[in-house]
Every structure is written in C-alpha cells, then in structure tokens.
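Got a predicted model here, sequence first, then my questions.
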Amino acid sequence: MSIEVIKCPACGGTLDCDGSVEFFKCGHCGNTLRLKITSRPAGPVSTEPSRMKFFDTALNIPLASCELPDTYTPNGAVMPEAASNTYPMPIRCGVANKSGTAFSFFTGEAYSDDTKCPMISGPYSTEVNRISKIHFKPFMDAEMFSNYYINELLTTGKMTNAWFIEKRPFPAEGYSREAALEGFIRLKKFDAQREGMAGAAAGKMYYLEESCKVYEADIGNMTFRIVVAFILRGFRYQVPSMYSMGNVFGGIFGQRRPQVSNGAKPGTFGDMPDNTVIEWSSNGMFNMFCPKERFDEDYKDFVRFVSTFRVDPYITRESIGIQDRMMMEVARYTQKNIDQQNKNFQMMQEANKTLQDAFDSANQAWWDRSNAHHAQVMASSRSTFGETSSDRISRLQSEAIRGVNTYEREDGSTVEVSVDYDHVYSNKLGDTLATNSSFEPGGNWEQTRKI
C-alpha cells in the first residue's frame, strides 16, 4: 500500500478531494479545479526485460542491444585504441543498477603467433602487420588466457585479496560448442575466399573453447564477485614455402623473431611443424561485477545479458569495410615492395653486366696479345730454321701456360683448343668442334691431329 498526497497545481496547497465530484475549489487559493480520472491496470508494474540499445553518444552510432529490465542503465563506446585485424572496430558496452551490480561486454582481443616462422618477422612483414594491425602474442588456451585476463583485470582495478571460487557453464542459454565451432570454420573459409587465399595454406586446424570463471576480490572495504566469460578461438595453418622464404622479398634480410615458448599443448596445437602460424582471439569478453551478497540474484540477469547481447549490424558492416581497406593497403604496399625489388634486381644485373664486359674485354686483350706474340715467335723460327726440337719445346711451354693444345686441320691450318677437351673435329667450312665424348659426329666432320 502507498500513500499519495494531492496538491493544487496553482498554489501547491494540499487538496481535500474524495473523487466523488468532477469540479471543486481549492481551499487555499479559490481556483476551480477539474478532476480527471484515468484507468490504471491492476497488479504490480511489469519488470519484464525489454530490448535495450547501446550507443556511442560521441559518434552518434549504434553499437549493440540486449534484453534487460529498465532497472539497468546502459552505456557504450567504440574503442579504436584496441583495434586489430580481426576486430577493426571494437566496442565496449556496459550496464549497471543501483545495487552496484554491473555487466560489460568487450569485443575481444586478437593475436597472431608466428614463433614457428622466425623469418616472417622481417621488414616486409613488420610493415604489413603495422598496416593490418596484426599483434603478436604466443598462443594461450582458454585456461591460460582466463588466468592472464583476470590478473590484468585485478591489477587495473587495484583489487586485493582475490581468489578463484568456481567454474560455471558458459552463461548463454542454448549455447553449443559444436555449433559455435562450425560457425567459426565457416567464417575462416569466408575470410580466405575474400582475401584470395583459399588454397594457399596447408595443415589447417581449428580450436574453440569457452570459459566462465567466478572470482572474489576486495575493492576497498567491500567484497565483490567477479565473473569472466569468453569464447577462445584459434586457427592454425602452415605458410606456403614462397612466404616462409623471407616472406616475399623482405623478410630474408630481416631480424628473426625470438624463439619463445609456445602455449600450444597436445589436444590444441601442440607439436607444430615449422612455418606454422596460429591466429587466435577471445571472441567477446563478458564480465560481471557484483556485491557478494547480491550475486545469486543478479547472476540470472547476467545470463540474460550474455544470452541476448547482439552487436549492431552497423558495426559488422563497418568492420568488414575496414578489413577490406586494410587488404587494399597491404596489396598496394606489396606491389610497391615488389617494384622496388625488381628495380634493385635490374640495377644489380646492369652492374654485373658492366663488370662482366670489362672482364671480357681485358681477357680478350690478353688472349690477343698472347696469340700474336706466339704466332710472331713461331713464324720467325719457322721462316729461318723450320720447327726444331727447341721450337717445339717453346711452343708446348707456351701452350701449357695458356691452357691450350694445337690441332692441325685437314687443310693444313692449325687451331688452338682448350685442354678441357680431348676430341677435336673440323669441317671444310673452317668450323671446329671440341668435345669430351668419344662418339664421332659423322657427316663432313673429320677428326683433327694434335701436333
């Protein structure tokens, strides 16, 4: 039962009215008043959950919605500082009631573990990761990540005397790990098709595990119950050899990633081969902060919050658009990098050609001088004495120094051939054929005689 005092709208004086007449006068100011009676539903006011909307008021954009009683007050914001390739437009949404209970949702964290690909951390990959907002962290399974997250939460919130209470089922009505894993696999296949990498990776494995843990901690002189709930997802694949060999030109001259202990365990992604990468993320972080004495009552609302929370389609569309722009920026950078590498390669070829031309010119000049001198000596000797034994010795010494043997062709002319060949043939056109094979070429080729 409640007591309601009726006051005059003109002077504020208390009215004496039993509701039996439509018109009556105020006993204080004399104004004539009309009593308007409206119907009122019987029974208590409904506290059924209604669809609650979350907005970023600074950006004036919708974020998400859920079903909760209007005893909770919503708030939300986009968090660009937490952006990643997987979650390019992360959001945080929260509700609180007058009892001090608060629920919150954070899009999640996403990382890439490439500890098995040390060459992938070169200059090219470093720039690609900067453009795509890909962050490195060794893989953690759900148990490890839960411990990591609560420690971060306790430190940030300056909580004391914290301890673990219990594990609970994931607080979403109708949740199925099998259905969630199937949806995750479809998502990764869609991403691969969109990026044009559907058939590029091998050794694919998928991991999905949910977690819900309850903790207790002191904040000041009050004791709170804290719930941390999330779904951890991981995708393992083996990088093609063209990427592992320096990751498209750049990584081969870069700094190797330090080999740190990987969190993969048997049953998840243990015993990984070389050139394997794990993309992993916490898909949605749901938290509950509640005074200890209100935990059992308000946990029901937390289950409703998790079960009915939906990210607004606007955020999904914007996220896909940002990812597409990231891929375009990576493609432009990759093409620029390839063009620069091609330019460097052409410059190197031109430099090598210049050096080779200079070497060939000097080598040819030496051969020309050597041959001219040898021919001059031999001609002078023959014109005077014919070839004597001492001339022959001189010729053989000259041939040995220059690494050649002299052969007489069918027409009486001679030709010098490298000592690397032991069979020499000539034809009537003046051509010479040198080989190490004992197989005779036949035709108009005749074997020459070494002199």
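That came through, no problem. Numbering: from 1, shown residues only.

contacts and neighbour counts: CA atoms only from here.
OK.

Assess the claim that Gly403 and Glu416 are in contact.
No. Gly403 is beyond contact range of Glu416, at 9.5 Å (criterion: CA atoms under 8 Å).

Give the residue from the two that has the larger number of neighbours.
Shown here are Gly403 and Glu416; by other CA atoms under 10 Å, Glu416 has more neighbours (16 against 13).

Please, where are all the helices along the stretch 201-350 of the chain?
With helices called from DSSP state H, counting those that start in this stretch, the stretch 201-350 of the chain shows them at 241-244, 295-308, 313-385.

among these, which gets the worst mean confidence?
Mean pLDDT across the helices of the stretch 201-350 of the chain is lowest at helix 241-244; the value there is a mean of 47.

Show me which of the helices of the stretch 201-350 of the chain has the highest average neighbour count.
When the helices of the stretch 201-350 of the chain are scored by mean count of other CA atoms under 10 Å, the highest mean neighbour count falls to helix 295-308 (a mean of 17).

Which among the helices of the stretch 201-350 of the chain is found nearest to Cys29?
In terms of CA to CA, the element of the helices of the stretch 201-350 of the chain nearest to Cys29 is helix 295-308, at 49.9 Å.

Which other helices and strands does that closest one contact?
strand 61-68, strand 276-291 (3 or more CA pairs under 8 Å, 6 or more residues apart in numbering; DSSP states H and E).

give me the low-pLDDT residue ranges for the stretch 51-200 of the chain?
Scanning the stretch 51-200 of the chain for pLDDT under 70 picks out the ranges 118-122, 196-200.

Kindly recompute the last result at 50.
Scanning the stretch 51-200 of the chain for pLDDT under 50 picks out nothing.

roughly how far apart are Lys300 and Met288?
Distance of Lys300 to Met288, computed by CA to CA, to the nearest Å: 11 Å.

Phe136: which of the helices and strands packed on helix 295-308 is closest?
Closest approach to Phe136 among these is made by strand 276-291 (9.4 Å; CA to CA).

quick check: mean pLDDT across the closest one?
Averaged over strand 276-291, pLDDT sits at 92.

For the stretch 1-150 of the chain, which segments count as helices?
If DSSP H, counting those that start in this stretch is used as the criterion, the helices of the stretch 1-150 of the chain fall at 123-132, 142-156.

Buried deepest among the helices and strands packed on helix 295-308, which one?
strand 276-291 (a mean of 22).

Pull the distance from it to the chain's centre.
What separates the centre of strand 276-291 from the centre of its chain is 17 Å, taken as CA atoms, centre = their mean, to the nearest Å.

With stretch 353-369 instead?
Distance, stretch centre to chain centre, for stretch 353-369: 52 Å (CA atoms, centre = their mean).
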